[in-house]
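*Asks:* could you work out the structure for the sequence below:
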Amino acid sequence: MSASESTEEQHLNGLSLPAQKKALTEFAENNHYTVVGCYADEGISARKPMNHRRGLLQLLEDVKQDKIDMILVTKLDRWFRNIKDYNITEEILQAHHCHWKTIFENYDSSTANGQMVINIMLSVNQAECDRTSERIKAVLDYKRSIGEVTSGKCACYGYKVVNNRLVKDETVSHIIDDAYDHYFSCYSIRSTFHYLKAKYGAEAPSHNKVDRLFKNETYAGKDKDNLDYCEPYITLDQYRKIRQIAVTKTYTAGNYEAYIFSSLIKCPWCGNNYTGYRKKQKLKNGGESIYIKYRCGNKFGRHSCAHFTEHKIEEYMLAHVSARLDQELAEIDFNQKQRSHNSNDAEALRTEMDRLNILFQKGRITENYYDEQYEILEKKLSETDAASKCASLESYRDVIRAFSGNWQDLYLKLDKSHKQAFWKSTIRDIQIDKETHQICGFNFLTKLE
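*Replies:* Below is the predicted model of the structure:
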């Protein structure tokens, strides 16, 4: 016996899983069938792919072990609404001489004509499900566009539903504000969780709730295309920065103080992030020296790996950041002056391409000449467009602010955790030359990225 139904469909059709099970059991008893088991996909629609239907997968496993020779279902649309998965299932059933029967409908899978009827009805059911899904999606998109909640009365931590809209929950909003303030001082979700736990005790949010603070775009007031979905806790720029940092984030075991450049250095051999570790060295006087080094985090990678001491990396960054920033800002200034010129060039190239099209359509030039000239113009236009899409000073605003004035003097006064936060907020990655095994450059973390 098999039953499948989503919660919404149970409500609409009045055919709940207990009702299906009762009807199937009575049918089996009246027809003197031995019931091997009842396989149900509770809360899951028959339209879902097979890998989401555990009851169906277990049923097929028992079929493969030849425990079943007849499957009873209430109706075809409780059995399948997905043609592809039905055909896969039917192949398994036929290979093990197992048949199926609907108790409320008359379908015969043993004949070619019966299979044709089944496939037609499955197509109808699948199309109806798809149309229903599209209608539901359209309704949810509309609700989202006007700021209404799309998930019933539930709201994520820090919000509550009032008049079908999300508003800040004043009972915990101060905790969330505190969480973000702490995060932007250290750029560590783990540190933020421990900070909240120590400060708020039993009132502190769970690890999962803290984790969602830095993954859910709702906290930036956004829901898909609606940028004004609800009152935000952080700006969109802050949310994007959190996600950028999360992409490169790595965690090091132990409670040792922060590794300043952990996850910022990219391995040129495998693409993994470098992580920090402590290196002990015996001194001639019998003492012991501990210093920090960095290596590729891919412990099982079969490739050579350049190691760097934290002191050398820090020296390199302090020596090169200002000059590199001045160079990039000068390039931006030059490119901005060229933009208006490029815009005129692009318009001229498009006009020339239009003229070339007209000449070809009128037969005044050959196809070979047309292809040759069009390719030249297309290449020039592509280069012109690429030159126009350069970074702006606005995208470097935060970086310029961080590296202004006597920033090096202020940086050297920071402790290690705040040094780590400083580089995390300004540098996207540090690069290593694959040939020389030396640090060869870095990229700033700008809004353009």
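*Asks:* so how far is F308 from K101?
*Replies:* Distance, K101 to F308, by CB to CB, to the nearest Å: 70 Å. Heads up, the C-betas are built off the backbone N, CA and C, glycines and all.
*Asks:* comparing the two, which residue is more hemmed in?
*Replies:* More neighbours surround F308 than the other of K101 and F308, with 22 against 17 (other CB atoms under 10 Å).
*Asks:* what's near enough to touch that one?
*Replies:* Contacts for F308 (CB atoms under 8 Å, 6 or more residues apart in numbering) come out as I265, Y274, K293, Y294, I439.
*Asks:* switch to 10 Å and redo it
*Replies:* By CB atoms under 10 Å, 6 or more residues apart in numbering, the residues touching F308 are 261, 265, 274, 276, 292-295, 314, 316, 430, 432, 437-439.
*Asks:* next step: those residues restricted to helices.
*Replies:* Counted as lying in helices by DSSP state H, out of the contacts of F308, are E314, Y316.
*Asks:* isn't Y183 up against Q238?
*Replies:* Yes: the criterion here is CB atoms under 10 Å, and Y183 meets it with Q238 at 9.4 Å.
*Asks:* looking at these two, which is more packed in?
*Replies:* Neighbours per residue (other CB under 10 Å) separate Y183 from Q238, with Y183 holding more: 23 against 16.
*Asks:* which residue packs closest to that one, ignoring adjacent ones?
*Replies:* Nearest non-adjacent residue to Y183, counting by CB to CB, 6 or more residues apart in numbering: T192, 4.7 Å away.
*Asks:* burial count for Y157?
*Replies:* 17.
*Asks:* wait, R350
*Replies:* Counted with other CB under 10 Å, R350 comes out at 13.
*Asks:* next one: phi and psi at it?
*Replies:* phi -70, psi -40 (degrees, to the nearest 10).
*Asks:* now it: closest residue in space that isn't a chain neighbour?
*Replies:* Nearest to R350 is L381, by CB to CB, 6+ apart, at 6.9 Å.
*Asks:* contacting residues for the residue located most distally from the centre of the chain?
*Replies:* Computed with CA atoms, centre = their mean, the residue of the chain farthest from its C-alpha average is N285, at 53.5 Å. By CB under 10 Å, 6+ apart, the contact set of N285 is empty.
*Asks:* model confidence at it, what's the number?
*Replies:* Confidence at N285, expressed as pLDDT, is 76.
*Asks:* where does it fall, helix, sheet strand or coil?
*Replies:* Of the three states, N285 takes coil under DSSP: H, G, I helix; E, B strand; the rest coil.
*Asks:* just to revisit the earlier point, only the buried subset of the contacts of F308, as a PyMOL command please.
*Replies:* Burial among those is assessed by 16 or more other CB atoms under 10 Å; the matching PyMOL selection reads:
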select buried, resi 261+265+274+276+292+293+294+295+314+316+430+432+439
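*Asks:* the contacts of F308 in strands, which ones?
*Replies:* Y274, G276, I292, K293, Y294, R295, I430, I432, I439 (DSSP state E).
*Asks:* and C390, what pLDDT?
*Replies:* For C390, pLDDT reads 56.
*Asks:* oh, that last question was meant for Y374, not what I typed.
*Replies:* At Y374, pLDDT is 85.
*Asks:* how about Y200?
*Replies:* 94.
*Asks:* got it, and R350?
*Replies:* 83.
*Asks:* next: T192.
*Replies:* T192 is given a pLDDT of 91.
*Asks:* would you mind measuring from it to N443?
*Replies:* Shown here: T192 relative to N443, a distance of 26 Å by CB to CB.
*Asks:* so where's the stretch 301-449 of the chain shaky on pLDDT?
*Replies:* Scanning the stretch 301-449 of the chain with the threshold set as pLDDT under 70 gives 301-302, 338-344, 385-391, 448-449.
*Asks:* which residues in it form strands?
*Replies:* Under the criterion DSSP state E, counting those that start in this stretch, the stretch 301-449 of the chain contains strands at 308-309, 427-432, 439-444.
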